[in-house]
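Visitor: Dropping a prediction and its sequence here:
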Amino acid sequence: MVEKKDRIWLTGSTGLLGSYIARYLLKSGYTNLVCNKRSTSDLSQVSDFVEEVEWVEIDLTSYYDIYDHMKQVDCVIHAAALVSFNPQDKERLDEHNVEVTSTIVNAAIEENIKKLVYISSVAALGKREDGQVISESHEWKDSPLNSHYGISKYKSELEVWRGGQEGLDIAILNPSYILGTGRWGSSSLRLYPDVARGNRYYPEGGNGFVDVRDVAEAVIKVILKDKSQENFIVSAENLSYLEVMKVMCKTMDLDPPSVALTPFRRKVYYFIRRMKDIVTLKSPTITQSALKNLSIPARYNNQKSLDDLSLKYRDVRETLMETTHRFNSHDESPLPIDFHS
């Protein structure tokens, strides 16, 4: 068990999820918190706790930086990751996700730290076209539906599991689509300005959705567990993209999208996007497999997190309404930091 006095190193602390993890750690009494940042990091989203933690500039792609710092900590929460669905970013995804995680695992084993918590993604569990609900025991299968991002997170998980087999106390969280407030237009928050444009088309598929605070609470739960050696899907509810967009459009006082992106329309949409990329000399911003992905009703089983972590999830529709109101008001301040479980 990680104790309140233990020195905790949090990577990705300036991002959406990382910033909320930091807030919940501090609120839980874990005040010996070391947060990673780059020299170019924008700290505007962490201004509410910037003076309460120790900030370190560590190059996560540097083997030596990671090993030197690992000697000074008791626990690592690895939330940093490169998120990209650009097909040209495959090598960068391997470097920033797989190789960095591998080095962190190796250093954590060598320094015999108390626990490593790895923030993965449901993308690491793979995609299914048959609509079957995916659980933690779902077997990975190579598929053109798996994005390079998902593959990189799967490979990263293998590194963490390897660490567990070598005696490291590990826990892996697989959050679904994360909703919250922060820098609008970045990460998963790109959804809000996309919907605000009033697009009349909607993907036919769906996904799991979860409040960012529930994921942060899950982190607190797993660092309190002894020798868990487990992974947990962290997802509140499975919803279609149309359901989500309807809630957001109602809050924005917009007409909801009414035209489904059928297979034929997806092909037309892809052709238009590619032509636009070519004309503007941009690298490809979308793939046909990514578009097909959006047509799949991905569903996730959260029962293990309910039973083993005693998580009580916030209502996703209420989170959507609250965050959309914040978006309309150009409000990037954090949601109330209260424990729901």
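Guide: Noted; the coordinates are in hand. Numbers count the residues shown, from 1 in each chain.
Visitor: can you tell me which helix or strand the closest residue to Ile170 other than its chain neighbours belongs to?
Guide: Spatial nearest neighbour of Ile170, excluding adjacent residues (C-beta to C-beta, 6 or more residues apart in numbering): Gly164 at 4.3 Å. Where C-beta positions appear, they are placed from N, C-alpha and C, glycine not excepted. Of the helices and strands defined by DSSP states H and E, Gly164 is found in helix 148-165.
Visitor: what's next to that helix, contact-wise?
Guide: Helix 148-165 is contacted from outside by 81-85, 87, 89-90, 93-94, 97-98, 101-102, 105-106, 108-109, 116, 118, 120-121, 123-127, 140, 146, 170, 172, 229, 231, using C-beta atoms under 8 Å, 6 or more residues apart in numbering.
Visitor: PyMOL command to pick out the buried ones of the residues you listed?
Guide: Here is the PyMOL selection string for the buried members of the contacts of helix 148-165, based on 16 or more other C-beta atoms under 10 Å:
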select buried, resi 81+83+84+85+89+93+94+97+98+101+102+105+106+108+109+116+118+120+121+123+124+125+126+127+146+170+172+231
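Visitor: Can you flag which of the contacts of helix 148-165 belong to helices?
Guide: 90, 93, 101-102, 105-106, 108-109 (DSSP state H).
Visitor: Pick the one among these closest to Gly198.
Guide: Leu93 (32.0 Å; C-beta to C-beta).
Visitor: I'd assumed Glu243 was in contact with Lys250.
Guide: No. Look at Lys250 against Glu243 with C-beta atoms under 8 Å: they stay out of range, at 11.1 Å.
Visitor: For those two, work out which one has more neighbours and name it.
Guide: A direct count of neighbours by other C-beta atoms under 10 Å for Lys250 and Glu243 places Glu243 higher, at 18 against 14.
Visitor: Contact partners for the nearest residue to the more buried one once chain neighbours are set aside?
Guide: The shortest distance from Glu243 to any non-neighbouring residue, by C-beta to C-beta, 6+ apart, is to Gly206 (7.5 Å). Listed by C-beta under 8 Å, 6+ apart, the contact partners of Gly206 are 238-241, 243, 297-299.
Visitor: Please name the bridge partners of Gly206.
Guide: Ser240, Pro297 (DSSP bridges).
Visitor: What confidence value was assigned to it?
Guide: With respect to pLDDT, Gly206 scores 95.
Visitor: gap between it and Leu191?
Guide: Note on Gly206: its distance to Leu191, by C-beta to C-beta, to the nearest Å, is 13 Å.
Visitor: ok, now Trp161?
Guide: Applying C-beta to C-beta to Trp161 and Leu191 gives a distance of 31 Å.
Visitor: Who has more neighbours out of these two?
Guide: Set Trp161 next to Leu191 and count neighbours by other C-beta under 10 Å: Leu191 wins out with 22 against 17.
Visitor: Where does the prediction get shaky in the protein?
Guide: 283-285 (pLDDT under 70).
Visitor: would Phe209 count as being in a strand?
Guide: Yes. According to DSSP: H, G, I helix; E, B strand; the rest coil, Phe209 belongs to a strand.
Visitor: And the ones in helices among the contacts of helix 148-165, which is closest to Ser47?
Guide: Thr101 (28.9 Å).
Visitor: Quick check, that closest one in contact with Tyr118.
Guide: Yes. Taking contacts as C-beta under 8 Å, Thr101 lies within contact range of Tyr118: 6.9 Å.
Visitor: just the strands in the stretch 101-250 of the chain please.
Guide: 115-119, 170-175, 177-179, 201-202, 206-211, 230-234, 237-240 (DSSP state E, counting those that start in this stretch).
Visitor: how much space between Asp253 and Gly180?
Guide: 22 Å.
Visitor: between the two, which one's more packed in?
Guide: Taking neighbours as other C-beta under 10 Å, Asp253 and Gly180 compare with Gly180 leading, 24 against 7.
Visitor: which ones are touching that one?
Guide: 16-17, 20, 189, 211-213, 319, 323, 334-335.
Visitor: Please repeat the previous calculation with a cut-off of 6 Å.
Guide: The neighbours of Gly180, taking C-beta atoms under 6 Å, 6 or more residues apart in numbering as the test, are 16, 212.
Visitor: Could you measure from it over to Leu16?
Guide: 6 Å.
Visitor: which residue lies farthest from the center of this structure?
Guide: Val279 (32.5 Å; C-alpha atoms, centre = their mean).
Visitor: For Met321, see how far away it is.
Guide: Relative to Met321, and taking C-beta to C-beta, Val279 is found at 38 Å.
Visitor: ok, for Asp6, nearest residue in space, not its chain neighbours?
Guide: Here the residue nearest Asp6, using C-beta to C-beta, 6+ apart, is Asp74, at 3.9 Å.
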